[in-house]
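J.: need a structure here:
(chains A and B)
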Number of protein chains: 2
Amino acid sequence: MGNDKKIVLEEKKAELAGMQQLIKEHNFPVIVLIEGWGAAGKGTLLGRLIRDMDPRFYRVIPGKTPTDEDRRMPFIWRYFKDIPENGKFLFMDSGWMEEIVAARVSGEIDKDTFDRRVESIKIFERQLVDNGYVLVKLFLDIDRNEQQKRVEKLLSDKDTKWRVSDSDKLQLKKREKFEKYYKKCMDATDLAQAPWNIMLGTDEKTCAMKAFSLITDAIRKRIDSPVVPEIQDCSKFNLKKMPSLSEVDLDKKLTREEYDKELEKCRKKLRELHNKLYRAKIPVVIAYEGWDAAGKGGNIKRLTSGLDARGFEVNPIASPLPPEKARHYLWRFFTRLPKSGHIAIFDRTWYGRVMVERLEGFCSENDWKRAYGEINEFEKELVDSGAIVIKFWIQIDKDTQLERFTERQNNPEKQWKLTDEDWRNREKWDVYEDAVNEMIQKTSTKIAPWYIVESNDKLYARIKVMKTVIETIEKALSNEK
Amino acid sequence: MGNDKKIVLEEKKAELAGMQQLIKEHNFPVIVLIEGWGAAGKGTLLGRLIRDMDPRFYRVIPGKTPTDEDRRMPFIWRYFKDIPENGKFLFMDSGWMEEIVAARVSGEIDKDTFDRRVESIKIFERQLVDNGYVLVKLFLDIDRNEQQKRVEKLLSDKDTKWRVSDSDKLQLKKREKFEKYYKKCMDATDLAQAPWNIMLGTDEKTCAMKAFSLITDAIRKRIDSPVVPEIQDCSKFNLKKMPSLSEVDLDKKLTREEYDKELEKCRKKLRELHNKLYRAKIPVVIAYEGWDAAGKGGNIKRLTSGLDARGFEVNPIASPLPPEKARHYLWRFFTRLPKSGHIAIFDRTWYGRVMVERLEGFCSENDWKRAYGEINEFEKELVDSGAIVIKFWIQIDKDTQLERFTERQNNPEKQWKLTDEDWRNREKWDVYEDAVNEMIQKTSTKIAPWYIVESNDKLYARIKVMKTVIETIEKALSNEK
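T.: A predicted model of the protein is given here:
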C-alpha cells in the first residue's frame, strides 16, 4: 500500500509538472493558496508539489507579517501586487486568510475591520477567477492534540525551534477563537469557482495526493468548461445621478484676470491642504480622463503647480506592457497607488477598460461589461483604506477638438502631440460618447463620483479642477477630526 | 534689480521646461541631486525648478531614512532602483550623501562603513554618467547662525514646526562633524563629469538662477560635447587565473548510481545550509550562463530541488523590456536582488552585456568594453553588503550541442525549446567562444569567481554545481562565526 502511494505520487508530480506547459499554451495563471494550522505540514506539502516543476515558471511566497509599507496601503494591495502572470504558477504558504484571522485573534483589528477584510478577500478572489485565474484554496487541518505534539517536537530540537512562530503559539492558546474566525472567513469566501478544500494533515502522503488532484482538476476544468462570469448590476453601488455629456453647458468661461486671481488663490490653498494631508497621512488618487486635446496635460500642470513637489507623482498611462497585459487589468494601477499622505495623479486610467479596450476589441464583451462593477469595487477598496478618490472627465465639443487638432498640425512645436490615432479616434466620436456616458452613469458612486469638467475654455476647466480638489480634501479633513 | 532677476528667472524656468522636449529627443535621463544644510532652502529651490515643467516627465524623490527593507539590501540599492528612464528628469531633495553623513555623525555607521559607502557612491555616480545620465549635484550652503535663525523661525509656528527633523537638530548640535563628513564625501565624489556645486542659500533668487544655469548647461554639454568614458583596466580587481574554454576536460562523467547517491546527499546538505543562511540573514546570488542546450534549465531544477521553496526565486532573463532598455543596463538586475536570507538564481544574467549585446551590436564598443569593470564593481557592491555571489558557465562542446539540437528537433515535446535563433547563434560559435573567454578572464574576481561546469555529461554538471554551492555557502557561514 505504501509503495502504491509512492507510485501514484510520482505520477501526480509528473502530471502537475506537465501542466506548466499546458497553462503556458492556454495562457492563464494559477494561484495555489495553502492555509492551515501551524505545523500541519504546509511547507512539506508545498515542497512536494513543486519538486518536479520548472522553477522558472513558478514562484513561492511565504506568509509574512505586513511591513510598515504594507500597512499604509489598502489591505489587499500586498497580495494584488504579487499575482502571477499568464502561464505561471504562484504558490502561497499561508496568505490573506491567516493574516486577518491572526490579526483578529490578537486584537490588532476589530470586528468591523475583520468583516470588511473578509469582504475585500471575497471580491479579490472573485475578480481573480473572473479574470481568468485558476485559484485553488487548501486548508490543512489537524486537531489541537496533534498540533501540540508537533509544536513540542519542533521546540525540542535547537535546529527546528526557531520555526515555531508567535502565531503558532497563539493558535495553541486560542484554538477556539482561531477556529471561529477561520470558519467565518471560509464560509464567506467559499466561491463556486474557488471553493475551500479542507484536508486532514495527519497523513502527509494522502494529503499530497488530494492536493495534486485538486490542482490538476481545477486546471482541466478551466480549460474544458470555462464559466462565463456573472455581470453585476451597478445599481447596487449607491450611484449619483449624472447628466449625459450632451447636457453639459460648454460655454462656461473665465477672463484672464479672473483666472490669474483664482489660480493664485487655489495654489495657496492647495499648498496648505497638501501639508495637512501629509500630516494626516491621507493618500489621494486623482484620475483624469477626457477627449484628445481636451487639455488634460495643461490642467494637470496647473494642479500640480499648487502641490509640494515632494508629495505627488503623475502617472501617464499608455498601452500596457507585456507583463501588465499578462495580469489582471487593474494590476498596473494597484502597483502605482500613492503612499499615505501622497497624491497620485493618473493621466488616463483603469477606465481604459470600458473605453478604448471596449471599442477597439482589446477585451471581450463580458470583460468590459463586468469591469464597471470591478472598478467600483476597486475604488471602494481605496476609499475604505482611507484614500480620497477624485475622477475628472475633461469635456470639450467636437468643433473645439477640430480647432485644437488643426492648431497642433500647423504649429511645428506642437506637431508631436498629434498622431494619426487621434484622427482615427475622432472618427469614432459618437461611439466613444456613448461609452463615456455609460461609464459615467455606472461608476459615479457617492464615494468616488465623476466630475465633468467643461473645458472648451481651458482656463475655466483648470480652476474648476483645482476647486473640486480643494473642496473634496477639505471635506475629508473635516471628517477626520 | 529685483525685477530684472524676476524676468531672468522666468526665462530660465521656461528654458528648463523646454529642455524636457530636448532630452526626450536626444533620449537620455537627467538626475538633479539637491543636498545641503537643513532649512537652507532645498524645498523652495526644488519647487521653483519644476514650476513650469510637465509633471508627466519628471519625478521628485524626497530624502528619507532607509526602511528595514532598504537596510537588508546593498546600500546603493534604494537609489539605483529609482533612477529615471531616458527622456525623464529625477529631482532629489537630499539623497545618498545626506544619508551616509547623518548616519556617520549619529554613530550609526563606523568609519570603515562610511569610507566604503563613499566609494559606492563614487562608483554609482561614475557609472551613471558613463551610461549616459546627466547628473547635476548641488549643495545649498548657509552658515550656522543663519541655519539656527531659520530653524527657530520654523519651530515658532505650529504649522511649520513639524518640518524640523531630528536630523536638522543634530546638524545644529554637531555642525563641525557634519562639515567634516560633507567635505570628505564631496572631495571624494567631485567627478569631472558630475562635479559638486556649492551655492549660497542666503539669497534664494540668486541661488535659483545659478541652479537653472547649471542644469541647462550640463544638458547642453551632454548634447554638444559628449565625453567618451574611460575603460578601466580589469587587472586592478584581484582576479583569479582561469583556463580558457578549450582547455576544459569535457569527458568528466558520473554513472547513474553515483549521481543518484550524490544528488540525495547534496539535497540534504543544501536543505540544512539554506536554513542556516536564512537564520544568518545572508543573501545569495547564483548566476547561470552557458551555451544553448548546455543544460541550464535541468541544472537549476536539480539545484532548487534541494532548497526550501519559500526561500528562493528563479529569474529567467530574456531581452530587456522598454522600461529596462531605457535605463542603466544593470537596473533590471538591481531590482531583482534577493532579500537577506534568500537565494536569487538568474537564468542568464548581466553578462549578456559582454556576450549577446556585444556580438549583436546592441551596445557600443565602449559600452561593452567598459562593462567588465562595471560588472566587477556591481558584484563587489553585492559582496560588500554581505551577499554570496556564485557564477556558473555551463560548458559543452559543439558536437554535443548539435546532438541536443537534433534531439529537440525530432522530439515533439521538446521542439518548443529550439528556435531559429539557437541555430543562428550556433553559427557564431567561435566569436562567442572568444567573448566568453575574455569575459571569464576579466570578471573572475576572487570575491565572485566563475566556475566552469563541464556539462557534456549533465549528471556530472548538476552535482558539480550543487557541490560548489555547498562549499561556497559553508565557507561563508564559517567566516560569519
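J.: would you map out the domains in chain A?
T.: A:2-224, A:235-480 (automatic domain parsing).
J.: just send these back as CSV, with distance to B:Ala40 and mean pLDDT too.
T.: (Each C-beta comes from the backbone N, C-alpha and C, glycine too.) Output for the domains of chain A, formatted as CSV (distance: least, Cβ to Cβ, whole Å; pLDDT from 0 to 100):
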stretch, distance to B:Ala40, mean pLDDT
domain A:2-224, 29, 94
domain A:235-480, 15, 96
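J.: check contacts around the residue lying closest to A:Gln401 once chain neighbours are set aside.
T.: The spatial neighbour of A:Gln401 that comes closest, neighbours along the chain excluded (Cβ to Cβ, 6 or more residues apart in numbering or on different chains), is A:Ala293 at 5.3 Å. Taking Cβ atoms under 8 Å, 6 or more residues apart in numbering or on different chains as the criterion, A:Ala293 is in contact with A:Ile396, A:Thr400, A:Gln401, A:Arg404, A:Phe405, A:Arg408, A:Lys417, A:Leu418, A:Asp422.
J.: I'd say A:Arg72 and A:Pro338 touch.
T.: No: between A:Arg72 and A:Pro338 there is no contact under Cβ atoms under 8 Å: 9.4 Å.
J.: which residues do the two both contact?
T.: What both A:Arg72 and A:Pro338 touch, as defined by Cβ under 8 Å, 6+ apart, is the set A:Pro283.
J.: how about the strands in chain A?
T.: Assigned by DSSP state E, the strands in chain A fall at A:30-36, A:58-62, A:89-93, A:134-141, A:196-200, A:284-290, A:312-316, A:343-347, A:388-395, A:450-454.
J.: which secondary structure elements does the last one sit against?
T.: Applying 3 or more Cβ pairs under 8 Å, 6 or more residues apart in numbering or on different chains; DSSP states H and E, we find strand A:450-454 packed against strand A:388-395, helix A:429-443, helix A:458-480.
J.: of these, which is nearest chain B?
T.: helix A:458-480 (13.7 Å; Cβ to the nearest Cβ).
J.: what does the closest one rub up against?
T.: Against helix A:458-480 from outside (Cβ under 8 Å, 6+ apart): A:252-254, A:256, A:258-259, A:262-263, A:266-267, A:269-270, A:273, A:276-277, A:280, A:282, A:284, A:286, A:295, A:298-299, A:302-303, A:306, A:388, A:390, A:392, A:394, A:451, A:453-455.
J.: pull out the buried residues from those.
T.: Among the contacts of helix A:458-480, those classed as buried by 16 or more other Cβ atoms under 10 Å in any protein chain shown are A:254, A:259, A:262-263, A:266-267, A:269-270, A:273, A:276-277, A:280, A:282, A:284, A:286, A:295, A:299, A:302-303, A:306, A:388, A:390, A:392, A:394, A:451, A:453-455.
J.: make JSON lines out of the domains of chain A and add distance to B:Ile7.
T.: Below are the domains of chain A laid out as JSON lines (distance: least, Cβ to Cβ, whole Å):
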{"stretch": "domain A:2-224", "distance to B:Ile7": "44"}
{"stretch": "domain A:235-480", "distance to B:Ile7": "18"}
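J.: centre of the chain to stretch A:405-419, how far?
T.: Relative to its parent chain, stretch A:405-419 has a centroid offset of 37 Å by Cα atoms, centre = their mean, to the nearest Å.
J.: repeat that for stretch A:340-354.
T.: 12 Å.
J.: could you do stretch A:468-478 as well?
T.: 25 Å.
J.: mind listing what's buried in it?
T.: A:Thr468, A:Val469, A:Ile470, A:Thr472, A:Ile473, A:Ala476, A:Leu477.
J.: sweet, I'm off.
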